[in-house]
Each structure stands twice: as C-alpha cells, then as structure tokens.
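> one predicted model, sequence on top.
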Amino acid sequence: MAPPPALEAAELVKTYPAGRKKPPLRALDGLSFTVPEGVVLGLLGPNGAGKSTTVKILTTLSRADSGTARVAGFDVVKQQAEVRHAIGYVPQKSSSDPMATGVENLVLSGRVYGLSRQESVRRAAELLARFDLTDAANRQVRTYSGGMQRKLDVALGLVHRPRVLFLDEPTTGLDPEARADLWTEVERLSGTEGLTVLLTTHYLEEADRLAGQLAIVDHGKIVAEGTPEALKAELRGDSVQVELVDTDLDGTVQKLLSTLPGVGEIVVDGNTLRARVDRGATAVPAVLGALEEKAIPVTAVTVSRPSLDDVYLQYTGRSFKTADKEQAA
C-alpha cells in the first residue's frame, strides 16, 4: 500500500475582509495540489498571488474559508497539534532572537519541541556544524550576516526532525552567494535525506533549480503544474524578445508581426515584445526586417529556449515581471 501524500490541498478558498480603503481580497480561489513524500514543491507566483496564505493555512496559522488540507497525513483543522509537530516552518522574516546566541536559539527551540536539555544541546551542535555556523555559535544573532541568519532560521526549522519543511520566500534579500548556499542545502535536504519541502518563491531561477514539482500560482489559483522541464517542454520552438525604442501604444507592432509566418503568441509589454517562433534562426531576420520596413527602431533582440517566464506568459497572458509589478501596485 502506497504511503499517503506528504501534502494535500483541495479547493482551498480564503477571502480577507475589506479594509478602510480596500475591497475584499480573494487570496485563494480553489487552490488544490498533492505532493508525494521527499519532493520539493515550488509554489511560484508574484507577490500577492496567494503563496504565503497557502503556507499559513497548511501550517495551522490561518484557516481557509472552505476546502480541506492535510499535512503528513494530518488534517490541518482537526489535528493541529499533530501537524505542528510534523512540520518545520521558516517564515519570510527571521524567527530567531537577535539578542540570543545561535546556540541559545537552537537549544531553546529544541526544548520547546520536547527534546531533553542534553538532546537539544547535541542537536544544536549538529545543526551549527551542518550550516557552517559553529564558529559563530556563541555570537549574538544580531551580529550575523543576512545569509547566516537565514541558515540559522532553516536550522531552527529542522531541530525536531520534521517530516515536512515549509520555506516561505527563504532567499529574499540575500546576496547571490548566500542564495546559492541555501539552494545547495535545500537540495541536500530533499535529495539526500528525503525531506518533503514546500518552497514559495517569486524567483524563476530558484524554482527552476530546486522544484521537483512546480505549481504556478496566479490570483489564488494553480494555473499550471508539473516538473519545470515538462512545463518548458510543452512550449515548442524558441522565444524571441525584442526591445523597442518606443512603446507600442496603438498595437502597430503586434498587428505587424502577427502577419509573419511562424510567429505567434505575441505579447507586447511596454517596450518589450515577446513572441513564440518555430525557428529562431530564420524568424529573427524576418521580424527585424518587418520592423525596419515600418521604421520601428529596435535596441536589442534575443533568442532563447523556453523558460519558466515563457510558461507563465503562456498560462496567464502576461510576463512574470509584469505580474509582480501589478501585485505590488
């Protein structure tokens, strides 16, 4: 008999009430997914897409208006204590005490989860070594760099050896080196130790590298799901991106290129034009020739294989960057 999924969400709906100057917000609108044990699920979406709300519901910090969810086989409403003991949670903002040392934070966390004093000290030393924080163990956390703090946050989430680890935007604000270090650790947690991880992110590269299963979230719904490679493979041909000098306000460029053979899925976003082409090597000269004939100036053109941004564009009709700006506005 197959083990139950590590994570199950079915038709989750969550609406936040209206504020003084804001209408009601439907954060989740029938969101569903299933994740087997030992898989990294990447919830990819712009800020405000519903990713953090999903995490709050699955970690028992919030309740859905309707729908059901189970974590490690436990119902998030009826079995909250069991869920909390089965999970580790790393929120967007650091959860450590900045005035305590790294080892003090870890030992306290162990004690909270029911470990003995001796077990907590041993586990703290183990995690400090694992995250290369041993030399900083007795320093106050407020003296740590951003990357060191994030490593400690993940270590805190692992103290009690959870079955499922939630990482909510774990690398936001980190420099590239610190981000790469954390990526390596997440890969090790899943690949070597078989830990199930739910990762929320709005970094395309992060989702592409870490997610064994990817769910693209838009306006509280999952609009596409699969492995990053499978989702990209659905898009045939190449992606062409043209940077225009002037904004295509009247749709002239879009109409012009729609007449070219082998060019489709044309989207103009400000000064940036994106299109799908059968073969980039032959399509680009035709595209540039058509624009030159109409005296439409171009600053740059690039051709690439399908990316997650192309996948997002395919399913939502707008680029990921545009969606992020819309949600932030």
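Alright, I've got the coordinates.

> quick one, what contacts R236?
Contacts of R236 were listed using Cβ atoms under 8 Å, 6 or more residues apart in numbering, and they are R276, D278. From N, CA and C alone the C-beta is placed, and that goes for glycine too.

> oh sorry, the question was meant for R139
Per Cβ under 8 Å, 6+ apart, neighbours of R139: T101, G102.

> could you confirm G88 falls within a helix?
No: according to DSSP: H, G, I helix; E, B strand; the rest coil, G88 belongs to no helix; its state is strand.

> where do the helices of the chain begin and end?
All helices of the chain, identified by DSSP state H, fall at 51-58, 80-86, 102-112, 117-130, 146-158, 176-191, 204-210, 228-233, 252-257, 280-293, 308-316, 320-328.

> okay, the ones you listed, which one's buried deepest?
Mean neighbour counts were taken over the helices of the chain using mean count of other Cβ atoms under 10 Å, and the top value, a mean of 24, falls to helix 51-58.

> mean pLDDT lowest for which of the helices of the chain?
For the helices of the chain, mean pLDDT drops lowest on helix 320-328, to a mean of 70.

> can you tell which of the helices of the chain is closest to A27?
Closest to A27 of the helices of the chain, according to Cβ to Cβ: helix 51-58, at 4.3 Å.

> hang on, the earlier thing: output the helices of the chain in JSON lines; the columns should cover distance to A18.
Below are those laid out as JSON lines (distance: least, Cβ to Cβ, whole Å):
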{"stretch": "helix 51-58", "distance to A18": "17"}
{"stretch": "helix 80-86", "distance to A18": "28"}
{"stretch": "helix 102-112", "distance to A18": "37"}
{"stretch": "helix 117-130", "distance to A18": "44"}
{"stretch": "helix 146-158", "distance to A18": "33"}
{"stretch": "helix 176-191", "distance to A18": "37"}
{"stretch": "helix 204-210", "distance to A18": "32"}
{"stretch": "helix 228-233", "distance to A18": "36"}
{"stretch": "helix 252-257", "distance to A18": "37"}
{"stretch": "helix 280-293", "distance to A18": "46"}
{"stretch": "helix 308-316", "distance to A18": "26"}
{"stretch": "helix 320-328", "distance to A18": "18"}
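
> for stretch 57-74, what is the distance to the chain centroid?
Counting by Cα atoms, centre = their mean, to the nearest Å, stretch 57-74 is centred 19 Å from the centre of its parent chain.

> span of that stretch from start to end?
Start-to-end span of stretch 57-74 (Cα to Cα, to the nearest Å) is 13 Å.

> ok, residues contacting it?
Contacts of stretch 57-74 (Cβ under 8 Å, 6+ apart): 4-15, 28, 30-32, 53, 55-56, 75-77, 80, 82-84, 86-87, 89, 163-164, 166, 198.

> what residue of this protein is the furthest out?
What lies farthest from the middle of the chain is E293; by Cα atoms, centre = their mean that is 42.3 Å.
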